[in-house]
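Enquirer: With the sequence up front, the predicted model follows.
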Amino acid sequence: MIERIGQGHLTGLYDVAAVRQIEQASFAIEGDSFPMMERAAYAIYRHICHRQPSTRPIVVLAGGGNNGGDGVLVAVLLHEAGFDVTLFDAAKRPRTGDALLAWEKLRAVNVPVQPAEAFLAYDRSAVVVDALLGIGALGHPSADFAALIDHCNHLRQSGGWTLAVDVPSGLNANTGSGSTIIEADMVVTFIVDKIGLRINKGPACCHEIVIESLQAADLDLPQCAHFLARSFFRTFQPCTRYGDSHKGTYGHVAVLGGDHGFGGAAIMSSEAAARAGAGTVALYSRGVTIGAALCRNPSIMGFDEAQGEPGSVLRGNSSIIVLGPGLGRLEWGHRLFDAAAQLHCRTVLDADGLRLLASKHWEGGELIITPHPGEAAFLLGISIDEVLNDLISAAEQLAQKYRAVVILKGITSVIAKQGEVPVVVGAPCPGLARGGSGDVLTGIVAACWAYYQDAFTAAVIGAGWHNDAAIKCAQEKGDIGMFPQELLMYLQKS
Ligand SMILES: NC(=O)C1=CN([C@@H]2O[C@H](COP(=O)(O)OP(=O)(O)OC[C@H]3O[C@@H](n4cnc5c(N)ncnc54)[C@H](O)[C@@H]3O)[C@@H](O)[C@H]2O)[C@H](O)CC1
Ligand SMILES: [K+]
């Protein structure tokens with residue numbers, strides 16, 4: 001799969017169970033667990049020296065477990081190097097094991113220590129090392145930890161800089177969920193990249209993620225997902241043109257939708273397909289929508305009902321249909337949905353098309369569906385929280401239930417297909433949190449599908465490309481200033 005991307009660009013994302021297995025194997029090989037904690041602390045120390053070499057004070061928030069143990073050793077290294085470091089001790093019980101060994105080292109060199117509560121009155125602009133909770137956290141942080149996390153985030157808002165050890169405290173390393181979470185400028189995560197950092201709330205709390213392997217054992221364990229970093233689009237231009245090509249080389253996309261009141265959705269989708277490089281694009285919609293669409297973009301073909309059935313906009317059965325943007329759920333939308341199914345073309349299904357899918361049986365062509373968590377919950381008959389608490393499984397269940405390639409949209413998107421390792425793509429772009437972003441996505445994915453043929457490849461590249469262009473657009477226009485259709489002008493910007 002995904003030959004166009006190449007496995008080299010897809011990195012593995014693991015759950016906590018896998019990290020524990022690797023840890024145990026590494027400890028067994030080395031015959032001791034403490035050296036790995038020392039390597040973890042040294043890695044953090046190096047990043048602080050490199051990124052924050054100033055004379056700012058450094059605060060270490062240390063819990064009672066081994067995540068806290070890492071923090072304690074970081075404090076020792078910083079103190080020995082002459083930094084102004086204070087450790088706030090949040091352990092509730094006497095430390096044991098490696099965390100205790102670390103604590104004894106700290107005591108031997110007299111690092112200043114204060115009780116955790118004192119941190120709530122701390123108001124200096126500092127570098128904060130979050131070593132409260134790591135992969136051993138259970139449930140939401142206790143109230144006292146939540147207060148420490150809130151205060152750390154408050155200091156960061158007022159000019160502080162936060163480095164999270166392994167995982168931002170409060171973030172579930174498996175699900176990316178959490179209520180009160182450290183917002184980290186940098187997360188130095190150990191051994192392998194963790195799924196919870198890359199999905200759900202994770203990406204919004206981890207502004208930069210660095211992976212330190214700590215010379216851990218190299219086990220071939222199953223990955224929860226692959227990750228396609230944004231950097232892929234620095235060198236890869238999707239849907240490139242060839243010298244000996246013609247418009248037929250790049251396929252035909254037909255957008256069906258845009259009922260009264262929702263014409264803009266279908267217009268944006270068709271425009272996106274055209275801008276993303278589809279050879280020809282047709283829009284089948286209400287007459288008034290066609291008029292508006294042609295005024296905006298005469299390169300598309302516009303057909304209204306008076307000119308024939310939806311099938312009249314196709315160019316043979318290799319056409320890609322986009323069904324859903326502005327479809328509505330009234331009689332008109334139902335009719336278009338049924339007509340589209342009978343065309344047996346490859347179909348990108350979104351929005352109202354997904355609502356209709358839940359109540360009808362799809363016997364049409366191959367599907368890519370693009371639900372957000374609310375639509376996924378509706379399609380699976382579960383709550384939105386259940387979807388958010390296991391996005392990978394929700395995407396996989398949808399793929400199985402609807403025999404479709406699924407783009408489960410979110411801060412990052414999860415792309416799933418039966419028999420494939422899911423792929424997580426994207427990075428946070430708050431500018432996308434507005435109506436129309438999904439309509440633009442459907443058009444881009446359809447154009448990619450016309451180009452790449454393979455639905456999974458098209459979904460991964462299309463979702464990643466949409467996100468990358470949106471971030472570039474927001475950098476110039478601002479999150480509030482950008483309209484979804486404007487990101488199309490950034491599809492080819494390097
Ligand atoms: N050599 C090593 O052992 C290495 C460990 N690494 C680091 O270790 C952590 C995982 O450590 P672990 O002790 O298993 O768990 P944590 O420190 O993350 O958490 C346990 C700690 O937290 C308390 N606690 C649990 N849940 C809550 C909660 N909801 N609210 C408040 N407090 C909670 C619990 O009582 C314990 O005190 C890993 O992330 C690494 O940072 C490194 O990998 C290096 C080698
Ligand atoms: K942490």
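Expert: Great, that's in hand. Ligands and ions are numbered 1, 2, ... in the order given.

Enquirer: residue closest to the middle of the protein?
Expert: With distances taken as CA atoms, centre = their mean, T412 lies nearest the centre of the chain, 1.8 Å away.

Enquirer: Can you confirm whether the helix or strand hosting A102 lies near ligand 1?
Expert: For A102, the element it lies in under DSSP states H and E is helix 97-109. Yes: counting by CB under 6 Å from any ligand atom, ligand 1 is contacted by helix 97-109 at D98. Using the backbone N, CA and C atoms, a C-beta is placed for each residue, glycine as well.

Enquirer: Would you mind listing the buried residues in the least confident helix or strand in the chain by mean pLDDT?
Expert: Lowest by mean pLDDT, DSSP states H and E among the helices and strands of the chain is helix 232-235, with a mean of 92. Of all the residues in helix 232-235, those buried under the rule 16 or more other CB atoms under 10 Å are F232, F233.

Enquirer: Just the residues contacting it, thanks.
Expert: I5, H9, G464, W465, D468, S494 (CB atoms under 8 Å, 6 or more residues apart in numbering).

Enquirer: mind checking how far the host helix or strand of the fifth one is from the chain centre?
Expert: So the one you mean is D468. Taking DSSP H and E as the criterion, D468 maps to helix 455-477. Distance, stretch centre to chain centre, for helix 455-477: 12 Å (CA atoms, centre = their mean, to the nearest Å).

Enquirer: again with stretch 40-50
Expert: Distance, centroid of stretch 40-50 to centroid of chain: 27 Å (CA atoms, centre = their mean).

Enquirer: Not counting that stretch itself, show me its contacts.
Expert: For stretch 40-50, the surrounding residues in contact (CB under 8 Å, 6+ apart) are 58, 70-71, 73-74, 76-78, 81, 102, 127, 129, 163, 165-166, 186, 188, 190, 210, 212, 214.

Enquirer: Going through those residues, which ones are buried?
Expert: Buried, going by 16+ other CB under 10 Å: 58, 70-71, 73-74, 76-78, 102, 127, 129, 163, 165-166, 186, 188, 190, 212, 214, out of the contacts of stretch 40-50.

Enquirer: on that earlier part again, can you tell me which of the contacts of helix 232-235 are buried?
Expert: I5, H9, G464, W465, D468.

Enquirer: Just give me the least confident of the residues you listed.
Expert: Among these, I5 carries the lowest pLDDT, at 73.

Enquirer: so what's that residue up against?
Expert: By CB under 8 Å, 6+ apart, the contact set of I5 is L228, F232, F236, T457, V460, I461.

Enquirer: State the pLDDT value of the last one.
Expert: pLDDT, I461: 97.

Enquirer: do you know how far it is from A433?
Expert: Applying CB to CB, to the nearest Å, the value for I461 to A433 is 22 Å.

Enquirer: ok, now the third one?
Expert: Taking CB to CB as the criterion, F236 is separated from A433 by 26 Å.

Enquirer: can I assume V188 sits in a strand?
Expert: Yes: assessed with DSSP: H, G, I helix; E, B strand; the rest coil, V188 lies in a strand.

Enquirer: sorry, back to before: tell me which of I461 and A433 has more neighbours.
Expert: The neighbour comparison of I461 against A433 (other CB atoms under 10 Å) goes to I461, with 28 against 10.

Enquirer: Can you name the helix or strand that the spatially closest residue to G251 that is not a sequence neighbour falls in?
Expert: Excluding the flanking residues, the one nearest G251 by CB to CB, 6 or more residues apart in numbering is A450, at 2.6 Å. Per DSSP H and E: A450 is located in helix 437-452.

Enquirer: now that helix: how far from the chain's centre is it?
Expert: 18 Å.
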